[in-house]
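S.K.: Just the structure for this:
(2 chains)
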Amino acid sequence: EDQVTQSPEALRLQEGESSSLNCSYTVSGLRGLFWYRQDPGKGPEFLFTLYSAGEEKEKERLKATLTKKESFLHITAPKPEDSATYLCAVPFPNDYKLSFGAGTTVTVRA
Amino acid sequence: NAGVTQTPKFRVLKTGQSMTLLCAQDMNHEYMYWYRQDPGMGLRLIHYSVGEGTTAKGEVPDGYNVSRLKKQNFLLGLESAAPSQTSVYFCASSYRDRGAQHFGDGTRLSIL
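M.R.: The predicted model follows:
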């Protein structure tokens, strides 16, 4: 069964302590992988789209990378405002839906 | 820069009542979607639309109906609300098939 799995579920970081989040997927014939950020009480906010293995995208302290089986979201020198839940999503081949992972909740302490 | 707007933001219903959630987008997107988000379950697609006048079922459509009479609006209806439909409902839109989806800020619905 096609799946999207994110790890860890939760990540507590000290300000400035870099780390990575993982998103693994089993769909074949990937047609894009999306990263979103969700703040409490808000809808998911689009961050990046990655289409092919080896591709990288950056935005401020965030960098997303993609391999054939997984994607990483690297947070470099995080600040408290980077605290959020990060979601990844993959469109499945015979479907219009985006399948979302359960998310990683990142808390950055000052 | 409104993007995707959902109304209402909060609502409390009694079991058996009906209501309609409204989603409006100003990005001229063809595709629109309704999701529900529950703790531990992630986002699940209820219904979607690939253009004005079209609708289709997602993975959890039971108990819901939708309509897309105008390109910019997508309505989600609950005919007879049940406590299991207590959730946060998100609307999203995208420019193309399987493109990046842009979300509203949700409707928090409680059914007693």
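S.K.: strands paired with the lowest-mean-pLDDT helix or strand in chain A, and their directions?
M.R.: Counting by mean pLDDT, DSSP states H and E, chain A has its least confident helix or strand at strand A:98-100, which shows a mean of 86. Its sheet considered, strand A:98-100 pairs with strand A:84-91 (antiparallel) by DSSP bridges.
S.K.: any weak-confidence spans in chain B?
M.R.: Applying pLDDT under 70 to chain B picks out residues B:1.
S.K.: got the residues of it near chain A?
M.R.: Chain B comes close to chain A at residues B:4, B:31, B:33, B:40-43, B:45, B:48, B:50, B:56, B:58-59, B:90, B:92, B:97-106, as judged by C-beta under 8 Å from any C-beta of the partner chain. In short, each C-beta sits where N, CA and C put it, glycine included.
S.K.: Need the buried ones from the residues you listed selected in ChimeraX.
M.R.: Below is the selection syntax for ChimeraX that covers the buried ones among the residues of chain B next to chain A, with 16 or more other C-beta atoms under 10 Å in any protein chain shown defining burial:
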select /B:4,31,33,42,43,45,48,58,90,92,98,99,100,101,102,103,104,105,106
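S.K.: Just the CA coordinates for the helix or strand following the least confident helix or strand of chain A, please, in CSV.
M.R.: Once the chain leaves strand A:98-100, the next helix or strand it forms, by DSSP states H and E, is strand A:104-109. Listed next in CSV are the C-alpha coordinates belonging to strand A:104-109 (Å, rounded to 0.1, in the frame of the first residue of the first chain):
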residue,chain,number,x,y,z
THR,A,104,6.7,16.3,12.8
THR,A,105,6.1,18.9,15.5
VAL,A,106,9.2,21.0,16.0
THR,A,107,9.6,23.0,19.2
VAL,A,108,12.6,25.4,19.3
ARG,A,109,13.4,26.8,22.8
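S.K.: the inter-axis angle of strand A:104-109 versus strand A:84-91?
M.R.: On the basis of axes from the mean of the first three to the mean of the last three C-alpha atoms, to 10 degrees, strand A:104-109 is oriented at 160 degrees to strand A:84-91.
S.K.: and strand A:104-109, which residues are buried?
M.R.: When neighbours are counted by 16+ other C-beta under 10 Å, the buried residues of strand A:104-109 are found to be A:104, A:105, A:106, A:108.
S.K.: from the chain's centre, how far out does the least confident helix or strand of chain A sit?
M.R.: On the basis of C-alpha atoms, centre = their mean, to the nearest Å, the separation between the geometric centre of strand A:98-100 and that of its chain is 12 Å.
S.K.: So which residues make contact with it?
M.R.: The set of residues that contact strand A:98-100 without belonging to it, under C-beta atoms under 8 Å, 6 or more residues apart in numbering or on different chains, is A:2-4, A:27, A:34, A:87-92, B:42-43, B:45, B:98, B:101.
S.K.: quick one: low-confidence ranges for chain A?
M.R.: Looking along chain A with the criterion set at pLDDT under 70, you get A:1-2, A:95-96.
S.K.: And the residue nearest to residue A:9 when sequence neighbours are not counted, how far from residue A:35?
M.R.: Setting aside the residues directly before and after it, residue A:9 is nearest to residue A:104 in space (C-beta to C-beta, 6 or more residues apart in numbering or on different chains), at 6.5 Å. According to C-beta to C-beta, to the nearest Å, residue A:104 stands 11 Å off from residue A:35.
S.K.: Was I right to think residue B:95 contacts residue B:50?
M.R.: No: counting by C-beta atoms under 8 Å, no contact exists between residue B:95 and residue B:50, whose distance comes to 12.0 Å.
S.K.: Understood, closing this out.
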